[in-house]
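[1] What would the 3D arrangement of this be:
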Amino acid sequence: MFYILMPAIQSQLKAYRQQADLTQEELAKKLGVTRQTINAIEQGKYQPTLYLAWQCAKLFKVRIEDIFHFTK
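    Modelled structure (predicted):
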């Protein structure tokens, strides 16, 4: 049996959200997700889809890699 190990993604979403003076609820509404999703991403319990990562980067006017990066 083979297992594919996904690398962890470290998120700077909380820092960008706070810098923009947004609550988790406000950010969630802008991205079309729930506050729980934002909380889970910030806590490292959920890895965003590529589309959600792209939406975050577009909203904050940065590259995806500035908000999310792989860790070993």
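
[2] Just after whichever helix in the chain runs longest, pick out the following helix or strand.
    Ranked by residue count, the top helix of the chain under DSSP state H comes out as helix 50-60. For helix 50-60, the following helix or strand on the C-terminal side (DSSP states H and E) is helix 64-67.

[3] what's the distance between the very next helix or strand once past that following helix and the middle of its chain?
    Following helix 64-67 in sequence order, the next helix or strand is strand 68-71 (DSSP H and E). Centroid separation between strand 68-71 and its chain, computed with Cα atoms, centre = their mean, to the nearest Å, is 10 Å.

[4] Was I right to think residue 10 contacts residue 41?
    No: taking contacts as Cβ atoms under 8 Å, residue 10 lies outside contact range of residue 41: 10.8 Å. Yep, even glycine has a C-beta here, placed from its N, CA and C like the rest.

[5] on that earlier part again, please identify the buried residues of the longest helix of the chain?
    52, 53, 55, 56, 57, 59, 60 (16 or more other Cβ atoms under 10 Å).

[6] who's more crowded, residue 10 and residue 41?
    Set residue 10 next to residue 41 and count neighbours by other Cβ atoms under 10 Å: residue 41 wins out with 25 against 11.

[7] The more buried one belongs to a strand, doesn't it?
    No: Residue 41: not assigned to a strand; according to DSSP: H, G, I helix; E, B strand; the rest coil it is helix.

[8] Cool, thanks, talk later.
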